[in-house]
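A.B. asks: Okay, here's the prediction I keep looking at, along with the sequence it came from:
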Amino acid sequence: MLNSTYGKFSQNVKPKQSFSVADGYSKPQPPSTLTNPYYAAYTCGLARALLGEMLASIPDDKIVVSVTTDGFLTNAMIDEMDLTGPICQRFRALFYRMEPNGGEILEIKHKAKQLICAKTRAQFTTEAVDGWEPVLAKGGVRPPKDAVDHNAYMVQLYKERTPQHMVDSSHLTSLRTMCTERQDMLMVKKESRLNLEFDMKRDLIEPQVIELDGLDMVSFSTKPFRHADDMRYTRVRFDAWRKTHCLKTMDDWYDWQERLTMYKASDNREIRLKKDEKSHELMARLFIRFYGHETSGIRKCDITAKALSEWLGSLGYDIKASAIRGAGRLKLVQSVVPVTASTLEFAKQLNDKFPTFDSTLMFAAEPDDVRQQLN
C-alpha cells in the first residue's frame with residue numbers, strides 16, 4: 001500500500017499520455033488527488049540520501065559492486081559502516097514509528113564468494129555461500145520454463161552470449177489493442193535481442209582477466225564520468241558497438257577502446273576518417289605528411305618515397321609511393337592520433353626506424369605522458 005501511495009504522490013508530476021478506454025485514444029493523464037511533487041521528491045530523495053550516507057562510510061579498501069533503490073552489493077561488513085549519521089538517525093526514527101521492533105535499518109539479505117555484475121539490476125552468483133540464497137537479478141531476462149535453476153541459467157547465458165542472441169519477451173495483449181481491435185487478452189509471442197552488456201552509467205577502468213568457471217573473461221573497476229555529457233557520448237556509441245560485439249574478453253576491450261577513440265578522433269574537423277579505419281591506420285596516413293613536410297625530426301633524405309612505401313607495406317600499410325611524394329601538399333595535422341595499444345606499437349616501430357623522429361607530436365595527449373608509455 002505504501003508503494004502505491006508514493007506512486008500517487010508522483011502521478012503526472014511529469015506530464016504523460018495514457019490510453020483511455022472510454023474514449024478509445026490516448027489523452028493526458030490527470031494528477032491524482034494525492035499528487036504532490038514535494039512529498040514525491042522527499043520520499044525518493046530520503047532513500048537516496050540514506051544510501052549515499054551509508055556508501056560514504058564504507059572503508060576505502062572495500063568494494064561496492066552495485067547500488068539500487070534500497071540496497072547495495074559490497075564486501076564490507078555492516079559493523080565497518082557508520083550508521084549513526086543524521087540521515088540514518090532520521091530514517092531509523094521514522095522506521096521505528098511504524099515498526100518499533102523492526103531491528104536495524106540495514107541487514108544482510110544475500111552472500112556470495114564470487115558474482116557477476118553485468119549491469120544495473122543484472123547480477124548472478126558464480127560461487128555461492130552455504131546456507132545463503134544466491135545473489136540473482138536477471139536484468140529483465142525471462143528464463144525458459146524448463147530452467148529449474150535460474151541463477152545457473154543466467155551465468156551460462158552470460159558466458160555464452162553473442163550479439164545475435166535472442167530471448168523471450170512475450171507479453172499479454174495490450175489494453176489499447178484489446179479495445180481498438182476487439183481482441184482477447186492472449187500471450188503475444190515475441191523475441192528481442194539479449195542485452196547483458198554493461199550500461200555505461202560509469203566509466204570502465206583497470207581491465208583485468210579473471211577466471212569464471214574455467215573461462216577467462218575481462219573484468220573492470222569503474223569511476224564516475226567527469227560529466228553527464230561524457231556518459232551519454234560513451235553510452236550512445238557503446239550501444240552501436242554492442243550490436244555486433246560482446247564485451248567478454250580483453251580483445252573485445254581493445255576493440256571497443258579502438259572504436260571509442262576513433263569516434264573521438266572523428267570529432268576533430270581537421271581530419272576525415274575512412275570507413276572502418278583503425279587508429280594505427282590513421283597514424284600511418286598522417287605520418288607521411290610529417291615526412292612530406294620534413295618536420296619533427298624526419299627528412300626526405302633519410303629515406304626515399306619508394307623505400308618508405310615498401311617499409312610501410314611490410315608493416316601492413318598499403319600506401320603508394322605517389323601518395324607519399326604528394327603528402328607535402330596536404331595540411332600537416334598534429335595532436336590528433338588517439339593513444340591506443342596499436343598506435344603505441346606503431347610509434348615504437350617509427351622510433352626504431354627513424355631515431356630522430358618525435359612521434360609524440362602526433363598524439364592527442366601530452367608528449368611526456370606518451371613518452372612514459374613508450375618507454
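C.D. replies: Sure, I can see it.

A.B. asks: pLDDT of stretch 146-154, averaged?
C.D. replies: Mean pLDDT, computed over stretch 146-154, is 95.

A.B. asks: how long is it end to end?
C.D. replies: Its start and end residues considered, stretch 146-154 measures 13 Å (CA to CA, to the nearest Å).

A.B. asks: Show me which residues of it are buried.
C.D. replies: Applying a neighbour-count criterion of 16 or more other CB atoms under 10 Å, one finds 150, 151, 152, 153, 154 buried in stretch 146-154. Backbone N, C-alpha and C define where each C-beta goes, glycine included.

A.B. asks: export those to TSV and tack on secondary structure?
C.D. replies: Shown next, in TSV, are those (DSSP: H, G, I helix; E, B strand; the rest coil):
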residue	secondary structure
150	helix
151	helix
152	helix
153	helix
154	helix
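
A.B. asks: residue contacts, residue 208?
C.D. replies: 218, 219, 220 (CB atoms under 8 Å, 6 or more residues apart in numbering).

A.B. asks: Emit the ChimeraX select command for whichever of the residues you listed are buried.
C.D. replies: In ChimeraX syntax, the buried subset of these is picked out as below (16+ other CB under 10 Å):
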select :218,220
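
A.B. asks: now, which of the contacts of residue 208 sits nearest residue 57?
C.D. replies: Nearest to residue 57, judged by CB to CB, of those is residue 220 at 24.3 Å.

A.B. asks: Next, please give the residue ranges for the strands of this structure.
C.D. replies: Taking DSSP state E to define them, one finds strands in the chain at 17-20, 25-28, 64-68, 71-74, 112-119, 122-128, 136-138, 166-168, 171-172, 187-188, 191-193, 203-212, 215-223.

A.B. asks: now those as JSON lines including distance to residue 179 and mean pLDDT?
C.D. replies: Output for the strands of the chain, formatted as JSON lines (distance: least, CB to CB, whole Å; pLDDT from 0 to 100):
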{"stretch": "strand 17-20", "distance to residue 179": "8", "mean pLDDT": "89"}
{"stretch": "strand 25-28", "distance to residue 179": "10", "mean pLDDT": "89"}
{"stretch": "strand 64-68", "distance to residue 179": "35", "mean pLDDT": "94"}
{"stretch": "strand 71-74", "distance to residue 179": "39", "mean pLDDT": "94"}
{"stretch": "strand 112-119", "distance to residue 179": "36", "mean pLDDT": "95"}
{"stretch": "strand 122-128", "distance to residue 179": "35", "mean pLDDT": "95"}
{"stretch": "strand 136-138", "distance to residue 179": "31", "mean pLDDT": "96"}
{"stretch": "strand 166-168", "distance to residue 179": "26", "mean pLDDT": "94"}
{"stretch": "strand 171-172", "distance to residue 179": "14", "mean pLDDT": "94"}
{"stretch": "strand 187-188", "distance to residue 179": "15", "mean pLDDT": "94"}
{"stretch": "strand 191-193", "distance to residue 179": "25", "mean pLDDT": "94"}
{"stretch": "strand 203-212", "distance to residue 179": "46", "mean pLDDT": "92"}
{"stretch": "strand 215-223", "distance to residue 179": "45", "mean pLDDT": "93"}
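
A.B. asks: Give me whichever of the ones you listed is most buried.
C.D. replies: The highest average neighbour count among the strands of the chain, using mean count of other CB atoms under 10 Å, belongs to strand 122-128 at a mean of 20.

A.B. asks: from the middle of its chain, how far away would that strand be?
C.D. replies: Distance of strand 122-128 from its chain centroid, counting by CA atoms, centre = their mean, to the nearest Å, is 19 Å.

A.B. asks: For that strand, C-alpha coordinates in PDB please.
C.D. replies: Presented in PDB, the C-alpha positions along strand 122-128 are these (Å, rounded to 0.1, in the frame of the first residue of the first chain):
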ATOM      1  CA  ALA A 122      21.700  -7.800 -13.500                       C
ATOM      2  CA  GLN A 123      23.900  -9.800 -11.100                       C
ATOM      3  CA  PHE A 124      24.400 -13.500 -10.800                       C
ATOM      4  CA  THR A 125      26.200 -15.700  -8.300                       C
ATOM      5  CA  THR A 126      29.100 -17.900  -9.600                       C
ATOM      6  CA  GLU A 127      30.400 -19.100  -6.100                       C
ATOM      7  CA  ALA A 128      27.600 -19.400  -3.500                       C
END
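
A.B. asks: just checking, what packs against it?
C.D. replies: strand 112-119, strand 136-138, helix 150-160 (3 or more CB pairs under 8 Å, 6 or more residues apart in numbering; DSSP states H and E).

A.B. asks: quick one, what contacts the closest residue to residue 66 other than its chain neighbours?
C.D. replies: Sequence neighbours aside, residue 73 is the residue nearest to residue 66 in space, at 4.7 Å (criterion: CB to CB, 6 or more residues apart in numbering). Applying CB under 8 Å, 6+ apart to residue 73 gives the contacts 64, 65, 66, 67, 115, 117, 123, 135.

A.B. asks: Relative to residue 336, which of the helices and strands packed on strand 122-128 is closest?
C.D. replies: Closest approach to residue 336 among the helices and strands packed on strand 122-128 is made by strand 112-119 (32.5 Å; CB to CB).

A.B. asks: Now do the contacts for residue 373.
C.D. replies: 339, 344.

A.B. asks: how close does it sit to residue 177?
C.D. replies: Using CB to CB, to the nearest Å, residue 373 is found at 58 Å from residue 177.

A.B. asks: now swap in residue 232 and tell me
C.D. replies: Counting by CB to CB, the gap from residue 232 to residue 177 is 33 Å.

A.B. asks: Which of these two has more residues huddled nearby?
C.D. replies: Each of residue 232 and residue 177 has its neighbours counted (other CB atoms under 10 Å); residue 177 has more, 15 against 12.

A.B. asks: what comes into contact with stretch 76-91?
C.D. replies: Contact partners of stretch 76-91, identified using CB under 8 Å, 6+ apart, comprise 46, 49-50, 52-54, 57-59, 62-64, 104-108.
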